[in-house]
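Colleague: Sequence unavailable; structure follows:
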DNA sequence: TGCAAAGGTTGCAGAGTGTGCAAAAGGTGC
DNA sequence: GCACCTTTTGCACACTCTGCAACCTTTGCA
């Protein structure tokens, strides 16, 4: 059975989703300008003040729930065998993360449409600690076998990140399979562009 | 001799630099919170309203003047011979852009320090049309020789971008030469990671 | 020199985001 | 029904950013 804490967590997640849905609906139907905190709150039947109990910025409600927590990238990397070559580890992590988009593909299309109409959203919603995370990942990759230096580490991380994003984007546009496109992109990286 | 328009442009650029200098000084000396538009304007001896005649967001004043205009990337690419393989064209463009950081290296260090202390700055200041530009570049690259498809185009662009950024970052940290590091990164890309 | 057009600066009013605080409302366990 | 904890809400406030109209400065030209 369900503990009180679990119930609270579940309800909170549900409400968060409900607010997000209301926000996206307004933004798609009436434009991004119409999606003020006041309007979103009214549609979701909460007070404006409460909106900020669920999202710390307005934009956070208008983009997809992130596919991974920032620290998770380093965690997943750390879970790989220590003697595995860096590129193999990164590929494995990329595959895990790319696979997560499947279950929420329909939603992703919706958010994709919104982002296509309002490209500034992506920039505004970008995680604040992105660069710090990147630095941490560089450090983690640097100590693995098959890495010749920090520049190599940087390129490996940016490349794998780029491959993941490219695969997802391309799949969204062309309708192909994320998994196959990811493998294709990773092969390009591995064998040289 | 100087035309009136040229004088105006020059003065405008100078004032913009003066405001930026004041802003960065406050942010470094007293922290990012202290750097309100009001405080910056007071330090630069202008009214808060005037601040927004020079910068459209506060963050714009706190990051380095961009090394290239958004459209410039496509322009430079368009200036390359049409039968040149895509990767060669991208490498050439990357070299041109990386070379621009030299003359302002001292300033770059200062902004780097600020960005290191406040990573959220980079995210907030990110160009709004970034993703749209990217799409345009993909399209431009796609039609060049040596590109096997859109996914390949994406990887080429992201890779070259990544190489440029990595080289600059790495140079800032290790003190190496941007040019040499860029070549190293591009070679990694070309021969495979 | 003097005047008119053009460009730059400023104040003001207002919309919108986001925060701290304390009061009210709601749910849970005894 | 009562005490405890969490959530929601209102209120006041700081801050960013915009449109508008007034004002001042620079410039072109007679």
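Modeller: It's in. These figures come from a predicted structure and were not determined experimentally. Residues are numbered from 1 along each chain as shown, chains lettered A, B, ... in the order given.
Colleague: Give the rounded mean pLDDT of the longest helix seen in chain A.
Modeller: Criterion DSSP state H: the longest helix present in chain A is helix A:4-30. Helix A:4-30 shows a mean pLDDT of 92.
Colleague: what distance separates it from the middle of the whole chain?
Modeller: Put simply, helix A:4-30 sits 18 Å off its chain's centre (C-alpha atoms, centre = their mean, to the nearest Å).
Colleague: For chain A, which residues are neighbours of chain B?
Modeller: Residues of chain A found near chain B (C-beta under 8 Å from any C-beta of the partner chain) are A:87, A:115, A:119-120, A:122-124, A:126-132, A:150-152, A:154-156, A:158-159, A:162-163, A:165-167, A:169-170, A:173-174, A:181, A:184-185, A:188-193. Where you see a C-beta, it was placed from the backbone N, CA and C, and this is true even at glycine.
Colleague: Now stretch A:169-181: buried residues?
Modeller: The neighbour-count check on stretch A:169-181 (16 or more other C-beta atoms under 10 Å in any protein chain shown) flags A:169-172, A:178, A:181 as buried.
Colleague: now swap in stretch A:16-36 and tell me
Modeller: Buried, per 16+ other C-beta under 10 Å, within stretch A:16-36: A:16, A:19-20, A:22-24, A:26-28, A:32, A:35.
Colleague: Can you name the two of the residues you listed that sit furthest apart?
Modeller: A:16 and A:32 (20.0 Å; C-beta to C-beta).
Colleague: Any of the residues of chain A next to chain B buried? List them.
Modeller: A:87, A:115, A:119-120, A:122-124, A:126, A:128, A:131, A:150-152, A:154-156, A:158-159, A:162-163, A:166-167, A:169-170, A:181, A:184-185, A:188-189, A:193.
Colleague: that older thread, could you point out the helix or strand that follows the longest helix of chain A?
Modeller: Downstream of helix A:4-30, the next assigned helix or strand under DSSP states H and E is helix A:37-44.
Colleague: That following helix - contacts with which helices or strands?
Modeller: helix A:4-30, helix A:48-54 (3 or more C-beta pairs under 8 Å, 6 or more residues apart in numbering or on different chains; DSSP states H and E).
Colleague: If you drop the residues flanking it in sequence, what lies closest to residue A:160?
Modeller: Nearest residue to residue A:160, sequence neighbours excluded (C-beta to C-beta, 6 or more residues apart in numbering or on different chains): residue A:90, at 4.2 Å.
Colleague: Compute the number of surrounding residues for that neighbour.
Modeller: Around residue A:90 there are 29 other residues, counting by other C-beta atoms under 10 Å in any protein chain shown.
Colleague: Which of the residues of chain A next to chain B fall in helices?
Modeller: Checked against DSSP H, those include these in helices: A:87, A:115, A:120, A:122-124, A:130-132, A:150-152, A:154-156, A:158-159, A:162-163, A:165-167, A:169-170, A:173-174, A:181, A:184-185, A:188-191.
Colleague: element containing residue A:46?
Modeller: Residue A:46 belongs to no helix or strand, assigned by DSSP H and E.
Colleague: I'd say it and residue A:19 touch.
Modeller: Yes: the criterion here is C-beta atoms under 8 Å, and residue A:46 meets it with residue A:19 at 7.0 Å.
Colleague: Let me see the contact set for residue A:41.
Modeller: With contact taken as C-beta atoms under 8 Å, 6 or more residues apart in numbering or on different chains, residue A:41 is in contact with A:47-48, A:50-51.
Colleague: ok, it to residue A:22 distance?
Modeller: 9 Å (C-beta to C-beta, to the nearest Å).
Colleague: Any regions of chain A where pLDDT drops low?
Modeller: Filtered on pLDDT under 70, chain A yields the residue ranges A:1-4, A:126-129.
Colleague: got the residues of it near DNA strand C?
Modeller: With C-beta under 7 Å from any atom of the strand as the criterion, chain A meets DNA strand C at residues A:4, A:7, A:35-38, A:49, A:52, A:56-59.
Colleague: from the residues you listed, which single one is nearest residue B:136?
Modeller: Using C-beta to C-beta, residue A:59 comes nearest to residue B:136 of those, at 23.6 Å.
Colleague: What's the local residue count around the spatially closest residue to that closest one that is not a sequence neighbour?
Modeller: For residue A:59, ignoring the flanking residues on the chain, the nearest one in space by C-beta to C-beta, 6+ apart is residue A:125 at 4.1 Å. As a burial measure, residue A:125 scores 18 neighbours (other C-beta under 10 Å).
Colleague: residues from chain A in reach of DNA strand D?
Modeller: So chain A meets DNA strand D at A:8, A:12, A:15, A:46-47, A:49-50, A:53 (C-beta under 7 Å from any atom of the strand).
Colleague: Arrange those residues in CSV, one row each, with neighbour count as further columns.
Modeller: Output for the residues of chain A next to DNA strand D, formatted as CSV (neighbours: other C-beta atoms under 10 Å in any protein chain shown):
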residue, neighbour count
A:8, 11
A:12, 12
A:15, 15
A:46, 17
A:47, 12
A:49, 9
A:50, 13
A:53, 13
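Colleague: Let me know the closest of those to chain B.
Modeller: Closest approach to chain B among the residues of chain A next to DNA strand D (C-beta to the nearest C-beta): residue A:53, at 21.1 Å.
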